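# got a sequence here, can you build the structure:
(one chain, ligands or ions: 1)
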Amino acid sequence: MTAGVDLPVPASALAIGAHPDDVEFGCGATLAKWARAGCVVHHLVCTDGSKGSWDPSADLAELVALRQIEQRDAAKALGATGEVAFLGWPDGELESGVRQRWQVAYWIRRLTPTVVLGHDPWQRYRLHPDHRHAGFLTVDGVVAARDPHFFPEQALPHHRPAALLLFEADEPDHVEVVTGADAERKLAALESHRSQLRSTMFVEEGSPGYEEQLDAFRSRVRDRLAEHGALAGVALGEAFKAITDL
Ligand SMILES: [Zn+2]
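From the prediction side, this is the model:
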């Protein structure tokens, strides 16, 4: 099966990630492409990112504050002009209960995105619970936001997005075609998460192998974009499971 290609550029998009940096990994090039075409791009990050360090003596309050700054820098690097919101749940302890769903539905109703993007909660053998829960919150949040009888105390009009794109998809069936320039913006956004260079990107600042490690990281990201693009017969892309009957 050849994947479907390119939704119409949405007026606005809300990308929901478990941690600061997940959105950039999952759909950064797509968001950069849409932002360039006039789409208002918003970020919603579910956890505080406080486990994102290999240093046992790291100051975690400092880390949380730093990761928020990095996330805002990353959004800017993508060209995003919308909100960057944080739910602030403790990293590693995210749940997909009614309280969290309430919050996600609230942000969907408040920002009224045309397209919502998030982790695929049905990706098999996914280990990290936050990614699984953030995926369920994305899907369940869309369902709650679209129906007027969910959470009426929010006193916001219900909102039904036109499409939901799930990244890290178990069964991708849709590709957003991106350019080399979009790929570069995705890389710049990923590298804005400087506190994650070591633990997530395997790049050690100040080490003799720094340049080589950074090149290897960039190659991995570009290779992934090429693999995803190949699903639709194009050079570069980001693959998703698309749900459009919302
Ligand atoms: Zn993550």
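# what's next to stretch 48-61, contact-wise?
Under the criterion C-beta atoms under 8 Å, 6 or more residues apart in numbering, residues 19-20, 63-64, 67, 86, 88-92, 195-196, 198-200 lie in contact with stretch 48-61. (Glycine included, C-beta is placed from N, CA and C.)
# quick check: closest non-adjacent residue to residue 87.
With C-beta to C-beta, 6 or more residues apart in numbering as the criterion, residue 87 has its nearest non-adjacent residue at 4.9 Å, and that residue is residue 46.
# what is the burial count for the one you found?
Residues near residue 46, counting by other C-beta atoms under 10 Å, number 30.
# and the closest residue to residue 16 other than its chain neighbours, how close does it get to residue 29?
Counting by C-beta to C-beta, 6+ apart, the nearest residue to residue 16 once its immediate chain neighbours are dropped is residue 118, at 4.1 Å. Here residue 118 is placed at a distance of 16 Å from residue 29 (C-beta to C-beta, to the nearest Å).
# can you tell me the element the residue nearest to residue 87 falls in?
strand 40-47 (DSSP states H and E).
# check the offset of that strand from the chain's centre.
Here strand 40-47 is found 7 Å from its chain centre; the criterion is C-alpha atoms, centre = their mean, to the nearest Å.
# now the helices for the chain?
Per DSSP state H, the chain carries helices over the ranges 22-36, 60-78, 98-111, 129-146, 180-192, 210-230.
# return the residues in contact with the most centrally placed residue in the chain.
Centroid-nearest residue in the chain: residue 23, 1.8 Å away (criterion: C-alpha atoms, centre = their mean). By C-beta under 8 Å, 6+ apart, the residues touching residue 23 are 15, 16, 17, 31, 43, 45, 74, 117.
# surely the first one touches residue 45?
Spelled out, that is residue 15. No - at 9.4 Å, residue 15 and residue 45 do not qualify as touching, with contact defined as C-beta atoms under 8 Å.
# which one's more surrounded, the two?
The neighbour count for residue 15 versus residue 45, taken as other C-beta under 10 Å, is higher for residue 15 (29 against 25).
# could you give the bridge partners of residue 84?
Counting by DSSP bridges, residue 84 is bridged to residue 43.
# so it sits against residue 69, correct?
No - the pair residue 84 / residue 69 is not scored as a contact, 10.1 Å apart, by C-beta under 8 Å.
# quick one, which of the two is more surrounded?
residue 84 (19 against 13).
# roughly how far does the more buried one sit from residue 197?
20 Å.
# now residue 114
Distance from residue 114 to residue 197, by C-beta to C-beta: 33 Å.
# spatially nearest residue to whichever residue of the chain sits closest to the ion (excluding sequence neighbours)?
Nearest residue of the chain to the ion: residue 19, at 3.6 Å (C-beta to the ion). Leaving out its chain neighbours, the residue that sits closest to residue 19 by C-beta to C-beta, 6+ apart is residue 49, at 5.0 Å.
# tell me the residues of this protein that contact the ion?
18, 19, 22 (C-beta under 5 Å from the ion).
# rerun at 6 Å
18, 19, 22, 131 (C-beta under 6 Å from the ion).
# can I get these in a markdown table including pLDDT and neighbour count?
Compiled in a markdown table, the residues of the chain next to the ion are given as follows (pLDDT from 0 to 100; neighbours: other C-beta atoms under 10 Å):
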| residue | pLDDT | neighbour count |
| --- | --- | --- |
| 18 | 98 | 29 |
| 19 | 97 | 27 |
| 22 | 97 | 29 |
| 131 | 98 | 22 |
